[in-house]
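> This is the structure alone, sequence omitted:
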């Protein structure tokens, strides 16, 4: 008897987020769907793991669990414990309320949860819905289902995930992209609280994106779904070779000094 395929779903907006529920409904018919998600919003936590306290798990339904931890905690707990030793065939993180493009992928709990799936040996997708007037998660959910089916059939490299961003409204199509470039007008906003004490807000300014063809931000702005392959190994291989050419390989000198 062939075992039914398994999909593990998580997010960083929390278990009750609409995007998570729409995604789970979209994927339910194609596989055995397991939802393990944070019990509260965890946006911007990146790849944080909870190491200073135990995690608490609440069962909310059949194959439905909430965790008082980060998205990465959820994937780790799901794969290592909740799924009874049989890893998922696919991890899908989302649908995030807001885009995860450019360097923002480094801060994103959504993307980091997908990366944790990759680290633990499962192919993974991160799916985000850009905010705007008339926002609906249903186009993103439909594409997530199509891409999940494609990924289960074709597979992904063991160190790679697909990062998806969906525009507001009906998409014009799909574009394969690279990460965009953005900067904030004000990285930190300084204020005084009602008691006269100094406080700071990080990321208080509006982001400014560079309009570069072929990047996720540009193509989503043109109305297309962007699909960006992200690589777990962040080594800058070209510069590694350049460092060797410039003579920064000091291994022999240090070996001699130590001897």
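Alright, I've got the coordinates. What you see is a predicted model, and the numbers here were worked out from it, not measured in a lab.

> Near residue 165, how many other residues are there?
28 (other C-beta atoms under 10 Å). From N, CA and C alone the C-beta is placed, and that goes for glycine too.

> Mind pulling up the pLDDT for it?
Predicted confidence (pLDDT) for residue 165: 98.

> how much space between it and residue 100?
Going from residue 165 to residue 100 by C-beta to C-beta, to the nearest Å gives 7 Å.

> hey, what's in contact with both of these two?
residue 128 (C-beta atoms under 8 Å, 6 or more residues apart in numbering).

> can you list the weak-confidence ranges in the stretch 51-200 of the chain?
184-187 (pLDDT under 70).

> And the helices in it, which stretches?
In the stretch 51-200 of the chain, the segments counted as helices under DSSP state H, counting those that start in this stretch are 71-77, 109-119, 138-154.

> Among those helices, single out whichever gets nearest to residue 60.
Minimum separation from residue 60 across the helices of the stretch 51-200 of the chain (C-beta to C-beta) falls at helix 71-77, 13.1 Å.

> Identify all contacting residues around the closest one.
8, 10-12, 36-38, 42, 45, 47-50, 55, 57, 67, 69, 91, 93, 109-110, 112-113, 116-117, 120.

> Just the buried subset of these, please.
Neighbour-count burial within the contacts of helix 71-77 applies to 8, 10-12, 36-38, 42, 45, 47, 50, 57, 67, 69, 91, 93, 109-110, 112-113, 116-117, 120; the criterion is 16 or more other C-beta atoms under 10 Å.

> Among these, which lie within strands?
Of the buried ones among the contacts of helix 71-77, the ones assigned to strands by DSSP state E are 8, 10, 36-38, 57, 67, 91, 93.

> Can you tell me which of these is closest to residue 127?
When those are compared against residue 127 (criterion: C-beta to C-beta), the nearest one is residue 93, at 7.0 Å.

> separation between that closest one and residue 148?
With distances taken as C-beta to C-beta, residue 93 is found 12 Å from residue 148.

> okay, and the common contacts of the two?
Counting by C-beta under 8 Å, 6+ apart, the residues touching both residue 93 and residue 148 are residue 125.
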